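# A structural model of the following input is requested.
(chains A and B)
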Amino acid sequence: MARQTSPQRKLIVTLIAWTIGILMFWPILWTILTSFKTEQDAVLMPQLFSTGWTFENFGIVQERSDYLRFAMNSIILAFGSTLLGLVFAIPAAWSMAFSPSKRTKDTLLWMLSTKMMPPVGALLPIYLIFKDYHWIDQHIPVLVIMFMLNLPLVIWMLFTYFKEIPVDILEASRMDGAGVWQELTRVLAPMALPGIASTFLLNVILAWNEAFWTLKLTDVHAAPLTVFIASYSSPEGLFWAKLSAASTMAIAPILILGWFSQKQLVRGLTFGAVK
Amino acid sequence: MATRHSQGIARLAVAPAVIVLFLWMIVPLVMTIYFSFLRYNLLNPDMDGWAGFSNFYYFITDESFPGAVFNTLALVATVIVASVAGGLGLALLLDQPFWGRGIVRLLVISPFFIMPTVSALVWKNLLMNPIYGLFAFLQQLVGITPLDWFAKVPLLSVAIIASWQWLPFSALIILTALQSLDEEQKDASAMDGARALSYFRYIVLPHLARPITVVILIETIFLLNIFAEIYVTSVGGLAGNLTYLVYFQGLLNFDIGEASAGGLIAVVLANLVSIFLVRIIGRNLEI
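The predicted model follows:
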């Protein structure tokens, strides 16, 4: 039976929902609008739009703080750490989903519990090791930290996806004499790819926005956009249009990726407890 | 035997991930425990030897400690109440049929994808600045003296920002749970007021109990560790939480011993929560 909804009711709900949606989005919209204003216009309050649209803020931000280098670092750290995570997680999740032993459940829950360790529990040793080995502000060591940070989540997400692949098909392919390698490449991979893609996407987003370790372990050379934005934390004269332009440049790529990944967000972040 | 063979391969496939996570968890933790019993200050290399429990004593009796504990708990509590209540309302709203649902969903979920440093600075400057901020403008419009948010109510300011970031998360999870109530049951939403209310009370709310519990536990774990929002808005002195205090003692005062003791206290606190979360997740986990 289709749901009966009166048009009036639908209209009212539409108005309320759009109002709330726009209010929630307002800080982001306001930032984007401000990034196209001149600094003088940016502080003129009732003014929604700029008197003259300008792109100069983006140029100034690039020149002043070298946006492209930080963006490149964000890409290297977020994509690199996630790819490395997949290399370790795919075999682990695959074997736990298809050849579980009696310890598999405990292993999975233990992996999850490592994700719940507060970072300050590890901050001092990691910081001192980084200092001793001159790893601070170096790409590879920071990338490895971010890889370990998100590994439990990558394994869990993959595990919940792999669980949904029907085992019968695997058994049928084994009966037909397929070896482990063929099973992996011919049967499993095509069915697993969507799950791997979603896992990849969500973890790139989380790594992109990671702002504890990146703030402590990077400075300039290997610093991602979270650190780039933090350099705008001390006000200096009129700087809102520039702050807005910098913020817009830092969030735009990942916001768009986020819109694509929103369906996976729930299962990814609740470890399968909510479907 | 084929099965034993593949069992062997299966264990081999899990091993690298287990080893990495074991090292990542155990090495820093053991070092932190070790440091916490040492007299260890980077500014004072002459200081060495065992410290017994004095690092814990100094961390706890530090004048910032009671405030940091209060700020930590107040931040977690405020943000959870705000985001769960708001998220429930939002989810119920988004579950109704209306025009442009997909777009409104995207608008509502967006704050979750904004990096913490951007959220904090945009709110602090563009919205909450007492002279040029949007809120100041609105307050003047209705004749109220603009509030200097970060000077007068620093903790509340941070809580508002964090609530904005976490509201989409709880809304989306509750919405997902609502949508899994089967379609037939949802017809009840077209019922008259009284019946709809009891339907909500006896069918919807019990169904939402688990997702809401999961939201509360996951948010608690993340909110206990809030750092970037406090750090970039420079309110660590006024509204710093335990995470900030550990950072302050360790990386600004260079007192590694005392900071490690503080880190361990944070670990214990987080574990009190994660035990429950792991148990709930474990109950729903089918191998």
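# these two touch, right, B:Gly86 and B:Pro168?
No: here B:Gly86 does not reach B:Pro168: they are 9.7 Å apart, not a contact under C-beta atoms under 8 Å. (Glycine included, C-beta is placed from N, CA and C.)
# Where do the domain boundaries of chain A fall?
Taking automatic domain parsing as the reference, chain A has its domains at A:7-56, A:66-231.
# Let me know which of those is tucked in deepest.
Of these, the one with the most neighbours on average (mean count of other C-beta atoms under 10 Å in any protein chain shown) is domain A:66-231, at a mean of 19.
# more neighbours, B:Gly86 and B:Pro168?
Taking other C-beta atoms under 10 Å in any protein chain shown, B:Gly86 and B:Pro168 do not tie; B:Pro168 has more neighbours (26 against 19).
# Find the centremost residue of chain B, please.
Of all residues in chain B, the one closest to the mean position by C-alpha atoms, centre = their mean is B:Leu223, 2.3 Å from it.
# which residue packs closest to that residue, ignoring adjacent ones?
B:Val76 (4.6 Å; C-beta to C-beta, 6 or more residues apart in numbering or on different chains).
# Contacts only, for that neighbour.
B:219-220, B:223-224 (C-beta atoms under 8 Å, 6 or more residues apart in numbering or on different chains).
# Quick check: the gap between A:Leu123 and B:Thr61.
22 Å (C-beta to C-beta, to the nearest Å).
# Also B:Leu126?
For B:Leu126 relative to B:Thr61 (C-beta to C-beta), the value is 40 Å.
# and if you look at B:Gln249?
Applying C-beta to C-beta, the value for B:Gln249 to B:Thr61 is 13 Å.
# Now B:Gly250: closest residue in space that isn't a chain neighbour?
B:Gly250 sits nearest to B:Ala259 (C-beta to C-beta, 6+ apart), 3.0 Å away.
# So A:Met76 sits against A:Val142, correct?
Actually, residue A:76 is Ile rather than Met. No: between A:Ile76 and A:Val142 there is no contact under C-beta under 8 Å: 9.4 Å.
# now the helix or strand harbouring A:Ile20: mean pLDDT?
Assigned by DSSP states H and E, A:Ile20 falls within helix A:7-34. For helix A:7-34, mean pLDDT is 94.
# Ok, stretch A:122-135 next?
On average, stretch A:122-135 scores 95.
# Next: stretch A:39-47.
76.
# Equivalent analysis for stretch A:82-98, please.
When pLDDT is averaged over stretch A:82-98, the result is 93.
# now it: how far from the chain's centre is it?
Computed by C-alpha atoms, centre = their mean, to the nearest Å, the chain-centroid distance of stretch A:82-98 equals 18 Å.
# More neighbours: B:Leu126 and B:Thr61, which one.
When B:Leu126 and B:Thr61 are compared on other C-beta under 10 Å, the one with more neighbours turns out to be B:Leu126, at 23 against 9.
# For chain A, state which of the contacts of B:Val76 is nearest.
B:Leu224 (6.3 Å; C-beta to the nearest C-beta).
# Extract the residue ranges of chain B that are flagged as low pLDDT.
B:1-6, B:182-192 (pLDDT under 70).
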